[in-house]
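1. Provided below are the primary sequence and the corresponding predicted coordinates.
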Amino acid sequence: MPKQIIFTDHAPAPIGPYSQAVLVNNTLYCSGQIALDAQSGAMVQENISLETEKVMHNIDAILHAAKMSFENVVKVSIFITDMNNFAAINQVYSTYFSAEPPARETVQVSKLPKNANVEISVIAVG
């Protein structure tokens, strides 16, 4: 079962010992993405909607690097630091999954890397 490491310059480089994503048997396991800008390395945190949009943009770049799209996503994990942001995050998130949305969980956590307010990971099948 060979694995392929997926990397793109259009998403932030990993900030630790992990890959942006790993492809095994047509299944893509995408590491959690926060709202880091791939070019500047700065966090996008003007508001939760823009932060979530940047996270989804980063995921989109990784999916495309693996020759996939949001249509291939079967599972999503969302980690947020404040459940009061759930509605705003969901509003942005829902624009990426209009029909047949994937399975998902949303969990409130005490802290995320780089003081992010939202982190999202996905599993996609090609």
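-> Noted; the coordinates are in hand. Being a predicted model, the structure only gives us computed values, none of them experimental. Numbering: from 1, shown residues only.

2. Which helix runs longest in the protein?
-> Longest helix in the chain by number of residues, with DSSP state H as the criterion: helix 48-65.

3. which parts of that helix are buried?
-> Judged by neighbour count using 16 or more other C-beta atoms under 10 Å, the buried positions of helix 48-65 are 48, 51-63, 65. C-beta: built from backbone N, CA, C; applies to glycine.

4. Also stretch 15-35?
-> Of the residues in stretch 15-35, those scored as buried under the neighbour-count criterion (16+ other C-beta under 10 Å) are 19-23, 28-35.

5. do stretch 115-124 as well
-> Neighbour-count burial for stretch 115-124 flags 116-124 (criterion: 16+ other C-beta under 10 Å).

6. Which single one of the buried residues of helix 48-65 is nearest to Ile5?
-> Closest to Ile5 out of the buried residues of helix 48-65 is Ala65 (10.4 Å), distances taken as C-beta to C-beta.

7. what about Asn47, distance to Ala88?
-> Summarising the geometry, the distance separating Asn47 from Ala88, computed by C-beta to C-beta, to the nearest Å, is 8 Å.

8. which of these two has more neighbours?
-> Set Asn47 next to Ala88 and count neighbours by other C-beta atoms under 10 Å: Ala88 wins out with 18 against 12.

9. So what pairs up with Lys3 in the strands?
-> With DSSP bridges as the criterion, Lys3 is bridged to Val24.

10. got it, and Val118?
-> Per DSSP bridges, the residues bridged to Val118 are Ile80.

11. from now on call the first residue 685
-> Done: numbering now begins at 685, and the last item shifts to Val802.

12. thought it was touching Ala772?
-> No - here Val802 does not reach Ala772: they are 9.5 Å apart, not a contact under C-beta atoms under 8 Å.

13. Mutual contacts of those two, please.
-> Common neighbours of Val802 and Ala772 are listed as 732, 736 (criterion: C-beta atoms under 8 Å, 6 or more residues apart in numbering).

14. No further questions, thank you.
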